[in-house]
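# This is a predicted model, with the sequence first.
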Amino acid sequence: MGIVNVTPDSFSDGGVNFEPEAAIASARRMLAEGAAIVDIGAESTRPGADAVEAGEELRRIEPVLAELLGAPISIDTSKAVVARRALELGAELVNDVTALRADPEMVEVVAESGAYLCLMHMRGEPRMMQDEPRYEDVVSEVAAFLEERLAFAAAHGVREELICLDPGIGFGKTVEHNLALVRQLDSLLALGRPVLVGFSRKRSLGRLLGDPEATRGTTAASIGAALAAYQRGAGIFRVHDVHEHVEALTIAAAIEHGDATESA
Ligand code: HH2
């Protein structure tokens, strides 16, 4: 899953894809590089980010989606009105970082459309979430949360086979919490759905590399995290650097499963 943030303020690609033409070109490039889907969002969720009104979110995404008709697109939004419009414009997956908690109408929009759904764990909300997050046991708490959200979505008519689960790397979590969630990914896979991991360029990576003030991670560090998640069973990787991740994961998959590709 390639990331296109149509925002001026995202933590790693803020501003780069804010103009529709740039966002469209980035999405097309990511698909050509091997992304299975491109996640388009118009509201930054970085720690401390300001909320964006639905009207502004729509103004940002509509011209981009209209140009990408027919391409596999995911819409990164917590607002039902934005998701509904994106689905009309061909989006196939709703990526709601609040796991259907922010907007009571969201679950109906997803259920009625028959779209895929990503349910992500977040502690708190973006403005406050990194203020000393604490858990008794982060892995079992995240797993219990996702299990409850999965049951909620299914009870409201979203087919379970269309749902993937996401531990929400960096959303109300310390570096140690993020590492534990990937290390014990089997606890999330036990819920029976594919797991999506979004470690790409997140600040924990930069901090693990020795900069306590880092606000983002490098591409190489992102790939390291993706490979570790892959080896523990993650099936979807939300990444900024599609080409590099596709190459790295292709080799990891060939080693894991064998590959019939013949080369000279
Ligand atoms: N991370 C971000 C945004 N959306 N969605 C899912 N399912 N999982 C994630 O880990 C995730 C997400 C934050 O990253 P990014 O989009 O690069 O930045 P911003 O939120 O500042 O736009």
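Ah, there it is. Numbers count the residues shown, from 1 in each chain.
# Which residue, other than its chain neighbours, is closest to the closest residue to the ligand within the stretch 101-250 of the chain?
Among residues of the stretch 101-250 of the chain, the one nearest the ligand by C-beta to the nearest ligand atom turns out to be Gly198. It sits 2.4 Å away. Heads up, the C-betas are built off the backbone N, CA and C, glycines and all. Distances taken as C-beta to C-beta, 6 or more residues apart in numbering put Arg238 closest to Gly198, at 3.6 Å, once the chain neighbours are dropped.
# contacting residues for His121?
The neighbours of His121, taking C-beta atoms under 8 Å, 6 or more residues apart in numbering as the test, are 99, 142, 145-146, 166-168, 171.
# hmm, 6 Å instead?
Contacts for His121 (C-beta atoms under 6 Å, 6 or more residues apart in numbering) come out as 142, 145-146, 167-168.
# Phe199 now?
Counting by C-beta under 6 Å, 6+ apart, Phe199 makes contact with 169, 225.
# quick check, it in a strand?
No: using DSSP: H, G, I helix; E, B strand; the rest coil, the secondary structure at Phe199 is coil, not a strand.
# So which bits of the stretch 51-200 of the chain are right by the ligand?
For the stretch 51-200 of the chain, the residues in contact with the ligand (C-beta under 6 Å from any ligand atom) are 76, 95, 97, 118, 120, 166, 168-169, 196, 198.
# got the residue ranges for the strands in the chain?
Residue ranges of the strands in the chain, as given by DSSP state E, are 2-5, 38-41, 73-76, 93-96, 116-120, 163-166, 196-197, 236-237.
# dump the residue contacts of the closest residue to Gly172 other than its chain neighbours.
Here the nearest residue to Gly172 in space, its sequence neighbours aside, is Arg123; by C-beta to C-beta, 6+ apart that works out to 2.7 Å. The contact partners of Arg123, by C-beta under 6 Å, 6+ apart, come to 129, 133, 172.
# Could you measure from the closest residue to Arg159 other than its chain neighbours over to Leu87?
Taking C-beta to C-beta, 6+ apart, and ignoring the residues beside it in sequence, Arg159 has Gly114 as its nearest neighbour in space, at 7.7 Å. Taking C-beta to C-beta, to the nearest Å as the measure, Gly114 and Leu87 are separated by 9 Å.
# Those two: who's more crowded?
Between Gly114 and Leu87, Leu87 has the larger neighbour count (other C-beta atoms under 10 Å), namely 21 against 12.
# these two touch, right, the more buried one and Glu112?
No: contact between Leu87 and Glu112 fails when scored by C-beta atoms under 6 Å: they sit 9.1 Å apart.
# Just give me the closest of the contacts of His121 to Arg159.
When the contacts of His121 are compared for distance to Arg159 (C-beta to C-beta), Leu146 wins out at 16.7 Å.
# Compute the number of surrounding residues for the closest residue to Asp259 other than its chain neighbours.
Nearest residue to Asp259 in three dimensions, chain neighbours excluded: Ala253, at 7.3 Å (C-beta to C-beta, 6+ apart). Under the neighbour criterion other C-beta under 10 Å, Ala253 is assigned a count of 12.
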